[in-house]
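[1] structure, please.
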Amino acid sequence: MHNKEILPNLDISPIVQKALKAGKPIVALESTIICHGMPYPQNIQTAEAVENIVVENGAIPATIAIIQGCLKVGLSSDEMNYLAKNGQNIPKISRRDLPFSLSQKSDGATTVAATMIIAAMANIKVFATGGIGGVHRDINDSLDISADLQELANTNVAVVCSGVKSILDIPRTLEYLETHGVPIIGYQTDKMPAFYTSESGSLVDYNCQSTDEIAKAMKIKWEMHFQGGIVVANPIPKKYSLPLNEINSVIKLALSEMKEKNIIGKKTTPFLLSKIAEKTKGKSLESNIQLVLNNASLAAQIARSFTELS
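    You can find the predicted model right below:
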C-alpha cells in the first residue's frame, strides 16, 4: 500500500498503518541483521522471534527494508524469507545509498542509519537493533566513522541497542556522540555495554531505572525541538555475556586477519562478525541472537511508555 501523502516511495504495511492511526506503540526493526548479521536459517528464525517478542511486550513490529525501490515499513512473511535467503546478495543501504536504491528500483538491507531515516519518515520513534556502529579502532589510518553516529545526531528516533559493537573503539565513539549532543542512557546500569559483553570500561551519561523515565526524556527532548536521537544502552543478559578478555582477544585476531585481506568499508562488520563466530565456536552468534531479543523486548516497553505520554 503506497502512502502518497507521506512520500511516493514509502510503503507502510496495513498493520503498521492501522497502529499509527490508532496511536499504538510501534518498534522499528532493521533488515541488515537479516541479510548480513547471521547466516540462513538463523537469520529468518531470529527475525521472526524478534517480531514475536515485540508483540508479546505489547507493541507492533515494523521491520524496515527496501524492496524493488520501495521503502518498506513492515514486511510480509514472504518478504522476510526473500531477504533471509538472498542474504549477502542484498546490498547494505545507508543514508548515501538511499536515492540510488530507489532510483534503480533495487533491493536493500537497511543499516541503523537508513532504518532511523525511514522510521522517522513513518513517524516511528523507537527502534531496536543489536549494536550501533561507531568509530573504528584504526581511525587514525582509515578515518572510518559509521554513518550511524551522524544519524543519531540528526534524526529523532530512540535506538535501543547493546551498546557499540565490540569491534569498534568505544571511548572514541562515546566522545563523538557527546560532541553531537546525543545522550547515552544505560538501562539499569552505569556501565556502557559492549555488545557481546555486559560491560566495557566506559560509563553511560544517565542510568534510567524504568522505561517511563526514558520515555519522559524522549518526549521532553523533542518537545524542546532538540534534533537528534537517544541511545538506550541495554546490557546483554549476564547468562549470554562473553568474558571481556576472551572476546577482545578474538577481536584482535579477527582485525589482524581483516587487515591482511585488505577488507574495508561495508564489508568489515560482516567479515568480523563471521570471524568472531567462527573463533568462538558459535558462542558469539548465540549471544548476538539473545541480545537482539532482549533489546526488542525493552524497545516495546519503551514504545508503550512513550505512547502513554502522548
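[2] low-scoring pLDDT stretches of this protein, where are they?
    1-8, 266 (pLDDT under 70).
[3] torsion angles phi and psi at residue 145?
    Phi and psi for residue 145, reported as degrees, to the nearest 10, are phi -130, psi 130.
[4] oops, could you answer that again for residue 231 instead?
    Backbone torsions for residue 231, taken as degrees, to the nearest 10, come to phi -100, psi 120.
[5] what sits against it?
    By CB atoms under 8 Å, 6 or more residues apart in numbering, the contact set of residue 231 is 132, 152, 158-159, 161, 177, 182-185. For glycine as for every other residue, the C-beta is placed from the backbone atoms N, C-alpha and C.
[6] one more time with 7 Å
    Neighbour list for residue 231: 132, 152, 159, 161, 177, 182, 184-185 [criterion: CB atoms under 7 Å, 6 or more residues apart in numbering].
[7] enumerate the beta-bridge partners assigned to residue 185.
    For residue 185, the beta-bridge assignment (DSSP bridges) gives partners residue 206, residue 232.
[8] what about the contacts of residue 231, which are in strands?
    The strands, defined by DSSP state E, take in 159, 161, 184-185 from these.
[9] mind putting these into JSON lines with distance to residue 78 and neighbour count?
    JSON lines is the format used below for these (distance: CB to CB, whole Å; neighbours: other CB atoms under 10 Å):
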{"residue": "159", "distance to residue 78": "28", "neighbour count": "28"}
{"residue": "161", "distance to residue 78": "28", "neighbour count": "25"}
{"residue": "184", "distance to residue 78": "38", "neighbour count": "21"}
{"residue": "185", "distance to residue 78": "37", "neighbour count": "22"}
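[10] mind putting the residues you listed into CSV with distance to residue 26?
    Converted to CSV, the ones in strands among the contacts of residue 231 look like this (distance: CB to CB, whole Å):
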residue, distance to residue 26
159, 14
161, 18
184, 23
185, 20
